[in-house]
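S.K.: can't give you the sequence, but here's the structure:
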DNA sequence: ATGTGACTGTTAGTCCGTA
DNA sequence: ATACGGACTAACAGTCACA
């Protein structure tokens, strides 16, 4: 998958670990299958906007935190 | 479609018009089908992360500008 | 607690046309 | 220049079993 997904996944994992919760827990919080969350973190899938929001919401963080830093022109 | 998509579409349209370019031109710039851009602006579809980036990039704007303002916890 | 293969259903995304 | 639709293909969404 592209760098975008990889970066997003890396950020997601970092925030998740920062909160001290497992993929399992996040799966429950975000109502997304655990195996799918794993794939997102590994940057294997190109998720849709609403999934990105679900995750940000479940982690109680700003979506901007999860987005790759290149989000500036 | 959900509010997320509607908001994104509204923002996209605003930025695009602000730059004074047509859906056709944006389609060429972002390499996204014109009819699909119309659907995005109308909030009919739930786009993927890379499309969101393509659009932000084509409009030479920060992705955050296109995202709904609720992007804060 | 996580990675991975295999799989199915659904939707993202394109192409072509009409108004 | 844009809205809207049909038909189509590629990709995502979502689940399970197993390591």
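M.R.: Structure received. Keep in mind the model is a prediction, meaning the values are calculated, not measured.
S.K.: got a list of what the residue of chain A found nearest DNA strand D touches?
M.R.: Nearest to DNA strand D in chain A, going by Cβ to the nearest atom of the strand, is residue A:46, at a distance of 2.7 Å. Backbone N, C-alpha and C define where each C-beta goes, glycine included. Shown in contact with residue A:46 (Cβ atoms under 8 Å, 6 or more residues apart in numbering or on different chains): A:1-2, A:4-5, B:48-50.
S.K.: Can you tell me the closest non-neighbouring residue to residue A:33?
M.R.: Residue nearest to residue A:33 in three dimensions, not counting chain neighbours: residue A:27, with 6.3 Å by Cβ to Cβ, 6 or more residues apart in numbering or on different chains.
S.K.: give the contact list for residue A:8.
M.R.: A:40, A:43, A:47, A:52, A:66-68, B:49.
S.K.: In terms of distance to DNA strand C, which of those ranks first?
M.R.: Distances from DNA strand C to the contacts of residue A:8, taken by Cβ to the nearest atom of the strand, are shortest for residue B:49, at 8.2 Å.
S.K.: Show the pLDDT at residue A:64.
M.R.: You'll see residue A:64 listed with a pLDDT of 88.
S.K.: cool, and residue A:7?
M.R.: pLDDT at residue A:7 comes out at 94.
S.K.: That one: what's its closest spatial neighbour, skipping adjacent residues?
M.R.: Nearest to residue A:7 is residue A:68, by Cβ to Cβ, 6+ apart, at 3.8 Å.
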